[in-house]
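Colleague: Here is the input, now give the coordinates:
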Amino acid sequence: MKIGVLGAGQLGRMLALAGYPLGFQFRFLDHNPAACAGQVGELIVGEFNDYRALDRFVDGLDVVTYEFENVPVEAAQYLSSKLPVLPGAQALATAQDRAAEKSCFKELGIPTPLNHNVNDESDISKALGVTGLPAVFKTRRHGYDGKGQLVAHSEAEALQAWEKLGRVPLICEQHVPFERELSMVAARQITGECVFYPLTENWHTEGILRKSVPQTNINLDLQSRAESKIRSVMDHLGYVGVMALEFFLHKGRLLANEMAPRVHNSGHWTMDAGCVSQFENHLRAIAGLPLGSTQPLSISAMINLIGHAPEVDSILRAEPTARVHLYGKDPKPGRKLGHINITAPGLESLKRKTERLSKLVGG
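Modeller: Presented below is the predicted three-dimensional model:
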């Protein structure tokens, strides 16, 4: 089977590395001729709205997927007239627009932070009347890793946010004093069969994920509630593949923050501590193969390498059991260059290893 991936970043790269042992072949489409997935598979260089590039890309493929959610919906729709594109265009359209995403959650009865759409400056006072202060203003489109977001503590700051974010459609959200940030990664087959990984706790700095730790002593009620919520979203969208749903835990409630219609950074621990990784399960789902076990093989943690990466030698000297995954990308402030997966026989050992490596990488 030959799989096409729209986008050729690190997620596409890791999809290919997970798929080669299964006998799959891969082709990527990206505008960047130096995109890192091109190091491990065929790369077509072109824009997603260039239909000649799309025709070259699709020739000989069996199925298409994507590794980030800002692929134009029109491109997914065009390709889906020729072969299966999984997940489908509806999931892509929903995840691309924060207002559509929140509307989807509301329709399914999934709690979210209080929110209100801001289409022009006159909507700001009304929005703050819904959310209160402080409030978070986010661009409805093209926001990731904390980009396109500003916190306002007053109406004056809210007006400044409107200007600084480019006077484009925004969503204004309640600033939630959450106890924990959690994510649920799940996979769904076309038959509706679903598998769920353990809830993972995440820590961010300046909007960028720094560390993820899958929960070991899982609160079964919390796990069950998260599974129910992500299943309802996937069923509603007729979803096929891996999805992540991010939550704020606040006073015992799971408030849905956003969804990602793809494999997710907070699921990278599954590469070395999961029975079957999120990448392999995504490929199994879109290829119509049976889904694999999501049972962890050991307790673990994941640390992102942001902006710079220490020499592999220094990482392995600090922790010989560390599993280092570099993405083949040039250093740049705020850029995800790789990650380290850590496993341990117990929580105290995991904590010591994580603290030692976090200090080394500056996480």
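Colleague: burial of the nearest residue to residue 181 once chain neighbours are set aside, as a residue count?
Modeller: Spatial nearest neighbour of residue 181, excluding adjacent residues (CB to CB, 6 or more residues apart in numbering): residue 202 at 4.7 Å. For the C-beta atoms, the positions are set from N, CA and C on the backbone; glycine is no exception. Around residue 202 there are 19 other residues, counting by other CB atoms under 10 Å.
Colleague: element containing residue 202, please.
Modeller: Assigned by DSSP states H and E, residue 202 belongs to strand 200-205.
Colleague: That strand - contacts with which helices or strands?
Modeller: Packed against strand 200-205, as judged by 3 or more CB pairs under 8 Å, 6 or more residues apart in numbering; DSSP states H and E, are the following elements: strand 180-188, strand 208-214.
Colleague: can you put those strands in JSON lines and add mean pLDDT?
Modeller: Formatted as JSON lines, these follow (pLDDT from 0 to 100):
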{"stretch": "strand 180-188", "mean pLDDT": "97"}
{"stretch": "strand 208-214", "mean pLDDT": "95"}
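Colleague: can you give me the helices in this structure?
Modeller: 10-19, 51-58, 73-80, 89-96, 98-107, 124-131, 155-164, 220-237, 270-273, 278-287, 312-318, 347-361 (DSSP state H).
Colleague: Mind checking those helices for the one nearest to residue 306?
Modeller: Among those, the nearest to residue 306 by CB to CB is helix 347-361 (8.2 Å).
Colleague: Give me the mean pLDDT for that closest one.
Modeller: For helix 347-361, mean pLDDT is 94.
Colleague: How about stretch 274-283?
Modeller: For stretch 274-283, the per-residue pLDDT averages 97.
Colleague: contact partners of it?
Modeller: 3, 14-15, 17-19, 22, 24, 65, 185, 187, 195, 197, 241-242, 262-264, 267-268, 270-271, 284, 289, 291-297 (CB atoms under 8 Å, 6 or more residues apart in numbering).
Colleague: By neighbour count, sort out the buried ones in these.
Modeller: 3, 14-15, 17-19, 24, 65, 185, 187, 195, 197, 241-242, 262-264, 267-268, 270-271, 284, 291-292, 294, 296 (16 or more other CB atoms under 10 Å).
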